[in-house]
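K.L.:
What follows is a predicted structure for the sequence shown.
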Amino acid sequence: MSPLPIRFGVLGTGRITRRLVADLQSTPGATVSAIASRCAHRARWAADSHGIAAAVEGYERLLSRDDVDAVYIALPPSLHHEWTLAACAAGKHILCEKPVALSAREVSEMLDAANRADVRFLDATAWLHHERTFQFRQWLRTATPQPDTALAAAKPDELFADESAAASESLGFRVGPLRHVSAAVSFLNPFQNGDHRLDRSLGGGALLDLGWYAAGMIRFATGDLPKRVYATAVMRDGIDVRVSATMRFADETTATLSCGFDTSTRKWCEIAGAEASIVCDDFTRPWADKPARSWVHEASGKVHTFTPPSELDGLTNSGGITAPVSRPSRCHQEREMISRLIGWIRTDASADVEKPWQQFHDQALQTQTLLDTIAAAIE
Ligand SMILES: NC(=O)C1=CN([C@@H]2O[C@H](COP(=O)(O)OP(=O)(O)OC[C@H]3O[C@@H](n4cnc5c(N)ncnc54)[C@H](OP(=O)(O)O)[C@@H]3O)[C@@H](O)[C@H]2O)C=CC1
Ligand SMILES: O=C1CO[C@H](CO)[C@@H](O)[C@@H]1O
């Protein structure tokens, strides 16, 4: 018999809930039992729009409900810390929007609280859960991606898990030792007046909102924090609308970060090794009408196009995406993320095994630490 679904309660009724509530409702093993707003009529409107049984006035009330096992915190960043601690005290598991908080100190307190309360915590950084991200990890570990076809290797269970020897044997050429990571995430004027992204007291600014993704990619690729950081920001009305940073790591790897609210859409990264570079132009989320894609550029100028195994079906060429394919990525990164959290919720943490969430907690904490360091370095 399949286990009972995990019942999610949603805190907040903003923009992201329009997408994520549907993702929760369509993930096997999850249901949404309640949604809370500061305001009763907005809670009712949101519950009716999403087909959720309970409309709750006030976040505290939602936390005290018996029909809620886990909460999805979809509030402005300045409220993530407070409501994560409250959810921990209520014994609810947590899916918390990015950026996890305003500082690494807050993130540390949130993770400690979750561990003490024995509840599972995951930040809603969905790209980390796309199968393509596991390919990146495999290429970086083995430094030898397989050319011109999708990797047949099974997806590893966890973000930084070691790859099997069998998988690395089938790979074709070397990326080589890591030298430089470059990540750029931006959008042009995406926000309306009054948006929390333009309000410092709510955790606004491009560095927290979009730098979260770019810093996350740099930390993901290097597995480390830099020793030196230089940064500059373009400010408008007290808000960083564009930030650029350069950094250097202990092993001489370097990285650059760019993020902004005033620049054309970019969700790009380049992970450069001594022998070849991984390039991806949609790492935070595949383009709406296209399969996930990435490339490896060799020193000779040869370019290998990759697409993850689940994207291959229906493509007309041998694994590249150069064919005129017009459909979204088949790997649904948000559902993968929710499924992972559900798996953890069903895991007995008292068992004497390594906690799979630890790698994701480390990634979140170090990403926020990197953002703190960049913010402090802004001249
Ligand atoms: N993972 C992703 O792809 C995305 C993540 N995000 C993240 O999700 C979070 C929420 O973003 P988004 O949905 O766009 O934000 P919105 O501003 O649209 O919504 C935030 C919600 O929080 C509640 N809220 C509580 N207190 C306040 C306050 N003082 N000011 C404003 N709202 C308040 C409101 O709900 P109510 O009044 O009903 O209680 C509001 O609807 C952010 O951390 C953001 O970075 C956002 C977009 C995409
Ligand atoms: O995380 C996010 C994804 O992209 C948005 C831009 O449309 C961001 O602002 C948002 O916070």
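P.N.:
Okay, I see it. Ligands and ions are numbered 1, 2, ... in the order given.
K.L.:
Quickly list the domain ranges of the protein.
P.N.:
Here the domain assignment for the chain is 6-124, 130-331+366-377, based on automatic domain parsing.
K.L.:
Just the closest residue of the stretch 201-350 of the chain to ligand 2, please.
P.N.:
residue 209 (4.7 Å; Cβ to the nearest ligand atom). Using the backbone N, CA and C atoms, a C-beta is placed for each residue, glycine as well.
K.L.:
and residue 65, what does it touch?
P.N.:
9, 33, 34, 54, 56 (Cβ atoms under 8 Å, 6 or more residues apart in numbering).
K.L.:
Show me which of the residues you listed is closest to ligand 2.
P.N.:
Closest to ligand 2, out of all of the contacts of residue 65 and judged by Cβ to the nearest ligand atom, is residue 9, at 21.3 Å.
K.L.:
Tell me the secondary structure of that closest one, please.
P.N.:
Using DSSP: H, G, I helix; E, B strand; the rest coil, the structure places residue 9 in strand.
K.L.:
I'd like to know how many residues surround it.
P.N.:
Counted with other Cβ atoms under 10 Å, the neighbours of residue 9 add up to 27.
K.L.:
and it, how far is that from residue 120?
P.N.:
As defined by Cβ to Cβ, to the nearest Å, residue 9 lies at a distance of 15 Å from residue 120.
K.L.:
what sits opposite residue 268 in the beta ladder?
P.N.:
The partner list for residue 268 in beta bridges (DSSP bridges) reads residue 184.
K.L.:
what sits against it?
P.N.:
Applying Cβ under 8 Å, 6+ apart, one finds that residue 268 lies in contact with 182, 183, 184, 185, 279, 280, 281, 282, 283.
K.L.:
what about 10 Å?
P.N.:
By Cβ atoms under 10 Å, 6 or more residues apart in numbering, the contact list for residue 268 reads 182-186, 214, 217, 258, 279-284.
K.L.:
what helix or strand does residue 220 sit in?
P.N.:
Residue 220 belongs to helix 211-222 when assigned by DSSP states H and E.
K.L.:
How far off centre is that helix?
P.N.:
Its chain's C-alpha centre and that of helix 211-222 lie 10 Å apart, by Cα atoms, centre = their mean, to the nearest Å.
K.L.:
again with stretch 367-375
P.N.:
16 Å.
K.L.:
ok, and does it reach over to ligand 1?
P.N.:
No - judged by Cβ under 6 Å from any ligand atom, stretch 367-375 makes no contact with ligand 1; its nearest approach is 12.6 Å.
K.L.:
So for this protein, the centremost residue is which one?
P.N.:
The residue lying closest to the centre of the chain (Cα atoms, centre = their mean) is residue 125, at 1.8 Å.
K.L.:
Three-state assignment for the residue lying closest to that one once chain neighbours are set aside, please.
P.N.:
Excluding its sequence neighbours, the residue lying closest to residue 125 (Cβ to Cβ, 6 or more residues apart in numbering) is residue 98, at 5.1 Å. Following three-state DSSP, the label given to residue 98 is coil.
K.L.:
Could you do the one 10 residues further on as well?
P.N.:
Assigned by three-state DSSP, the conformation of residue 108 is helix.
K.L.:
Would you mind pointing out the helix or strand the residue nearest to it when sequence neighbours are not counted falls in?
P.N.:
Leaving aside its chain neighbours, residue 108 sits nearest to residue 365 (6.4 Å; criterion: Cβ to Cβ, 6+ apart). Residue 365 belongs to helix 357-377 when assigned by DSSP H and E.
K.L.:
what separates the residue of the chain found nearest ligand 1 from ligand 2, distance-wise?
P.N.:
For the chain and ligand 1, the shortest gap (Cβ to the nearest ligand atom) falls at residue 14, measuring 1.8 Å. Residue 14 sits 10 Å away from ligand 2, going by Cβ to the nearest ligand atom, to the nearest Å.
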